[in-house]
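Novice: Starting from these lines, generate the structure:
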Amino acid sequence: MSHKIKDINGRLGELATEWNSFDLRQCSDNRHVFHRETISFVHSSDVIGRDEDKENIIGMLMEPSAERSVPVIPIVGLGGLGKTTLAQLVYNDDRVTSLFPLKIWICVSEEFDLSRLFKLIIQSVNAEVRCDDLTLEALQARLRSLLNDRKFLLVLDDVWNENQAKWVELRNVLRSTDGFSPSKIIVTTRSLKVASIMSSIPPYLLKGLPLEDCLTLFIKWAFNDGEERHYPNLKTGESDWIYIRESEIWRLEQHENDILPVLKLSYNHLPSHLQRCLAFLSLYKKDEIYYSDRVIRLWMANGLLEHPKQNQKWEDVGKRYLNELLSRCLIEKEKDFGLDFNFKMHDLVHDLALDVSQKECKTVNSKTEMVAENVRHLLLCDQKLVEVPRVLEEMKNVRTVIIQAASKRPKRSEIVDKSLINLCVSNFKYLRALELTDSPLTALPNSIGTLKHLRDLDLARCEDIQKLPSSFYKLRSLQSLNLGGTYLKQLPDSVQRLIELTHLEITIKGKHSKQIRAGYWTSLQYLKLSLCMNLECLPEGMQYLKSLRTLFLSNFHGLVSLPRSLKFLTKLEHLKIYFCNKINLEIELDEDEDKDLQLRLKTCTVFGLIALTDLPRLLLQGSSSTLQQLQISWCENLSVLPAWLLNLTSLHKLKIVGCINLSALPEGIDLLSNLRELTIDGCPELCRRYRRNRGEDWHKIAHIQKVVIEDEEWGFGWKFWMFKVCEALIVFGNIAGMKCEDGDG
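Specialist: Prediction:
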């Protein structure tokens, strides 16, 4: 290794010498950027599927204003989705023309230059005004005089500016000098951050077209009017269209205003760390559902996250990255589970990610004949694989290997997984992440201990593995380990010796677990114990988990109470307990022990606890100043909420689902001044009493910013039936393959 470093330093020295010999210097690039121009005109007959969106925006334009500043309506959506077209439809509508005597269309694009924008607006208002030689001060004075006392509609199309100071300068020039402004501004942008800077009202989030409109649009582009009727034998089968989707035609050269180059602008505006993370997402197949926690751990394993700032964790950085991609409409949230969420990526964004990944990500199947040398991340996704493709044997620099879980039985051949691990050990010396979920392996080879750089290992639902090899402790770099649904008889000593571990999911088959030893797992922040059907108590030594932030207990049959050691977990922020049939959530404390727990929980979720008759006072009231979210779902024997619930002064989100015997909220619920969101779903008596504007106790919760009451009888019956089916599967069947989401009720 020292020789390699010496060679690299020598080469860097040579490059520096060459740099100096050419007298190269760094300088700022002040050249003018040429932009994609848009115009205000559109034939409404050419536009499909945006009538409802147009009416919604026009309705917002017609609402009276209560501000001196000109109200701004932001239209936000993915590049190429039709934001500009929607703005054009609105701009050219006769009602809008009669409402606003003066209409101005400005394509802003990437450069939010005030002097340029002032000139464009002035020339739109009066083309005869010459303003080429005017200073910025003279321009703003001229613009104010032109707009004074005039009602106008200004469309700012394709805005990228995230500098609030620049927007404030423009806004102040446009502001009415006399009372409330009758004028309006429409902004189109791909960024929620831009929308929040420019407007105080919620953005109009533009969605994709419905399937029927997509088909109509496709036919319009593919055929002349009515021509499709002359081709009754056109292919409609799924296999034919999959073939077309994977055709080389999509690799044809793209022109400046085609969709992929347009989307590339979104990528170019990303900070470099987000560019790398977005490119990594191309590893997954199109239409894949991404799980935020899993994506973050893979980013961590590959060193794609910036170092956390003070009081932050790596996971916090990853969540910030995902929220940034969400705000820029590059990914779309599917379902929110509170702490985590899943999301999808539009096919076109996936194409973009694949394009910018520089072929570092590769999907491999039984037909793959060639893999580029620079590939770093591999996805094997062919259920017909009977051996590892020979083409992988020449590779040396792979960092990530994921073998896709089979979507249906039978499982893939054990030979594939064995040979893949052997390949990783022999060739992929710098492997960072290995995912073998649902593997048919009965044991891991002892050689796996040689993967010294491995940071993430996912063996979820590997049901036939009952013990780990003796070399497992050598995986000293391992940060994340998923053994959930892998039925180990005991908590392995080798796992306890993994001192860098921050994330652990595990299933223990026995009645009792080995004690957690002092000095181990000092970095562990996330612990999930699931499908421990026989386990009667949590492992002793929980008090040694000084860094633990999240504890998730799921599917216990014998667990009755929580251990006293829980009181020592002062960094615990998130507690989730699912389908623990006998648990009452009491904490076993000695008679002479201090009954006041000083916990710092931020979120607590209990789900499917049929023995629960009362909320745990010690647990929740001990977090009275920190608890922000509380969810109680399918606790059918819970009949009353305690009065001390009002002591949870920081609570801002309360969700109650399927608690069929719960009849009332605590008296004085209005005292929870920070409560901003209340959801009641499938609780018949609660729904009746607190129904919006009709329930006898609606006035007690009417002050809450967001109230959701779901009391549809059929919908609840269906949910309750599904809950009972899940409960029966947990009690009587093997549900290792079932993923039970939280937060959905």
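Novice: Can you list the neighbours in contact with whichever helix or strand Ile75 is part of?
Specialist: Under the criterion of DSSP states H and E, Ile75 resides in strand 72-76. With Cβ atoms under 8 Å, 6 or more residues apart in numbering as the test, strand 72-76 has contacts from 57, 60-61, 83, 86-87, 184-192, 194-195, 198-199, 201, 203-206, 329. Quick note: C-beta positions are derived from backbone N, CA and C, even for glycine.
Novice: Only the C-alpha atoms, please, for it, written as CSV.
Specialist: Extracted in CSV, the C-alpha atoms of strand 72-76 (Å, rounded to 0.1, in the frame of the first residue of the first chain):
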residue,chain,number,x,y,z
VAL,A,72,-47.2,34.4,-5.9
ILE,A,73,-48.6,31.1,-7.0
PRO,A,74,-45.8,28.5,-7.4
ILE,A,75,-46.3,25.5,-9.8
VAL,A,76,-43.8,22.8,-8.8
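Novice: if we can go back for a sec, so how do I select the buried members of the contacts of strand 72-76 in PyMOL?
Specialist: Selecting only the buried entries of the contacts of strand 72-76 in PyMOL, with 16 or more other Cβ atoms under 10 Å as the criterion:
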select buried, resi 57+61+83+86+87+184+185+186+187+188+189+190+191+192+194+195+198+199+203+204+206+329
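Novice: Give me the subset of the contacts of strand 72-76 lying in helices.
Specialist: Secondary-structure check on these using DSSP state H: residues within helices are 57, 60-61, 83, 86-87, 192, 194-195, 198.
Novice: where does the stretch 301-450 of the chain have low pLDDT?
Specialist: Residue ranges of the stretch 301-450 of the chain with pLDDT under 70: 382-383, 405-411.
Novice: at 80 instead, please
Specialist: Counting by pLDDT under 80, the stretch 301-450 of the chain has low-confidence residues at 358, 366-367, 369, 382-387, 404-413.
Novice: So which residues of it form strands?
Specialist: In the stretch 301-450 of the chain, the segments counted as strands under DSSP state E, counting those that start in this stretch are 332-336, 341-344, 361-364, 377-380, 400-403, 433-435.
Novice: packing partners for the third one?
Specialist: Which is strand 361-364. strand 377-380 (3 or more Cβ pairs under 8 Å, 6 or more residues apart in numbering; DSSP states H and E).
Novice: for the second one, same thing?
Specialist: Identification of packing neighbours for strand 341-344 by 3+ Cβ pairs under 8 Å, 6+ apart yields strand 290-291, helix 292-301, strand 332-336.
Novice: How about the fourth one?
Specialist: Here strand 377-380 is seen to pack against strand 361-364, strand 400-403 when contacts are counted using 3+ Cβ pairs under 8 Å, 6+ apart.
Novice: Flag the shaky bits of the stretch 501-650 of the chain, pLDDT-wise.
Specialist: Looking at the stretch 501-650 of the chain by pLDDT under 80, you get 586-598, 618.
Novice: Okay, helices next: where are they in it?
Specialist: 617-621 (DSSP state H, counting those that start in this stretch).
Novice: Tell me where it has strands.
Specialist: Counting by DSSP E, counting those that start in this stretch, the strands of the stretch 501-650 of the chain are 503-508, 526-530, 550-556, 574-580, 603-607, 629-633.
Novice: hang on, the earlier thing: just so I know, which of the strands of the stretch 301-450 of the chain lies nearest Ser663?
Specialist: Nearest of the strands of the stretch 301-450 of the chain to Ser663, taken as Cβ to Cβ: strand 332-336 at 28.4 Å.
Novice: Give me the angle between that closest one and helix 292-301.
Specialist: When axes from the mean of the first three to the mean of the last three Cα atoms, to 10 degrees is applied, the directions of strand 332-336 and helix 292-301 differ by 120 degrees.
Novice: Dump strand 332-336 to CSV, restricted to CA.
Specialist: Extracted in CSV, the C-alpha atoms of strand 332-336 (Å, rounded to 0.1, in the frame of the first residue of the first chain):
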residue,chain,number,x,y,z
GLU,A,332,-41.5,11.1,-5.1
LYS,A,333,-42.7,9.9,-1.6
GLU,A,334,-45.1,7.0,-1.8
LYS,A,335,-45.9,6.3,1.9
ASP,A,336,-44.7,8.0,5.1
